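Trainee: I'd like to go over a predicted model; first the sequence, then the structure.
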Amino acid sequence: MRIDVHQHLWPPSLIDALRARVEPPRLDGWTLHTGSAPPFEVDPADHDVDARIALIEADGLDRALISLSSPLGIEWLPDAEALLDAYHAGVAALPDRFGAWAAAGLVSIDPAALEKALDAGCIGLQLPANALLDPAGYAHCAPLLEVLERRGAPLLVHPGPHPAPPAGAPAWWPALSPYIHQMHDAWHALVAFGRAAHPTLRICFALLAGLGPLHGERLVARGGPTRRQIDRNAFVDTSSYGPRAVDAIVRVLGVDLVVLGSDRPYATVPDFGFGDAFDHAMAVSNPARLIHGEVGTQ
């Protein structure tokens, strides 16, 4: 089964819940208001289920995994429950061509709510990267991560909310600056703090972990571990990157830890041009190991 592990699709129930809000994040018609960016005109086609299924088929995929748009900051809201419930209800009602990552509120940690979402069919949990940047973040999220470890379910780490960009910054600024910084820091936080606390947790970092794995030589030069083995439970997805970046990551991590993640509707599924064996690993065997673990370990 060919799987894209990273897409975004707002189901009708989440759209209705965002439109019912008076504070950001909220929708006014199709105009998105957040706390950190100018109003943004959403293309309704980006969240049309039939149109997305057509793209899944055109991309040669069997399934796309949907996750909450963490930069909206929903997980950090004191009143996140209504939006999270709307998201989970909406993704549970999607056709079989879709799977979903659960989402969790971070002001008040609720492992029981995560258990419920996993029981309802979510394949794992997505957390914003800025929740997992230091020991305090890992300690705060530990009840959620322990649920995942116990159940053998994976974690997706995705860029979270960010400060307002500089005045006059172009539209691409968040994706090329704060998103990259968050993912880069989250990768190193796993090395420094997270893995010792959660040795069996399977984790996928969006957007090649901000290219954090490429800094291994500098890590050693600045006093980091000199003979660190490849972490077989730390995956990276390809979202918004092309052949040159993916080739560089493969030279560091190997092919077995790279999974297809397109980030639709904000990016597309590229042809990396590395041949059938790589394509099968990236879209079939590696996502299967991310989701289900190594054969014989569950």
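Mentor: Perfect, thanks for sending it. Numbering: from 1, shown residues only.
Trainee: Output the lowest mean pLDDT helix or strand found in the chain.
Mentor: Taking mean pLDDT, DSSP states H and E as the measure, the chain has helix 216-221 as its least confident helix or strand, at a mean of 82.
Trainee: Buried residues of that one, list them for me.
Mentor: For helix 216-221, a neighbour-count test (16 or more other C-beta atoms under 10 Å) marks L219 as buried. Every residue, glycine included, has its C-beta placed from N, CA and C.
Trainee: and after it, which helix or strand comes next?
Mentor: Towards the C-terminus, the helix or strand next in line after helix 216-221, according to DSSP states H and E, is strand 234-237.
Trainee: And the contacts of the next helix-or-strand element following that following strand?
Mentor: From strand 234-237 onward toward the C-terminus, using DSSP H and E, the following helix or strand is helix 243-253. In this structure, residues lying in contact with helix 243-253 by C-beta atoms under 8 Å, 6 or more residues apart in numbering are 208, 211, 213-214, 216, 230, 236, 238, 258, 270, 272-274.
Trainee: Would you mind measuring from the closest residue to A164 other than its chain neighbours to P165?
Mentor: If the residues on either side of it in the chain are set aside, A164 comes closest to S36, at 4.9 Å by C-beta to C-beta, 6 or more residues apart in numbering. To P165, S36 is 8 Å away according to C-beta to C-beta, to the nearest Å.
Trainee: same deal with G275?
Mentor: In this structure, G275 lies at 39 Å from P165, with C-beta to C-beta as the measure.
Trainee: Which of those two has more residues huddled nearby?
Mentor: Neighbour count, other C-beta atoms under 10 Å: between G275 and P165, P165 has more, with 17 against 8.
Trainee: how many neighbours does T31 have?
Mentor: Residues near T31, counting by other C-beta under 10 Å, number 11.
Trainee: List the buried residues in stretch 197-205.
Mentor: Within stretch 197-205, the residues that qualify as buried are A197, H198, L201, R202, I203, C204, F205, counting by 16+ other C-beta under 10 Å.
Trainee: same thing with stretch 54-72?
Mentor: Across stretch 54-72, burial judged by 16+ other C-beta under 10 Å covers 55-56, 59, 61, 63-72.
Trainee: do the same with stretch 81-98
Mentor: Judged by neighbour count (16+ other C-beta under 10 Å), stretch 81-98 contains these buried residues: L83, L84, A86, Y87, H88, G90, V91, L94, F98.
Trainee: can I get the CA coordinates of the least confident helix or strand of the chain in CSV?
Mentor: Output for helix 216-221, consisting of C-alpha atoms alone and laid out as CSV, is shown next (Å, rounded to 0.1, in the frame of the first residue of the first chain):
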residue,chain,number,x,y,z
GLY,A,216,25.9,15.3,12.6
GLU,A,217,29.5,16.3,11.9
ARG,A,218,29.0,19.6,13.6
LEU,A,219,27.3,17.7,16.5
VAL,A,220,30.5,15.7,17.0
ALA,A,221,32.7,18.7,16.6
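Trainee: Which stretches in the stretch 51-200 of the chain count as helices?
Mentor: 81-92, 111-119, 135-151, 173-176, 178-189, 195-197 (DSSP state H, counting those that start in this stretch).
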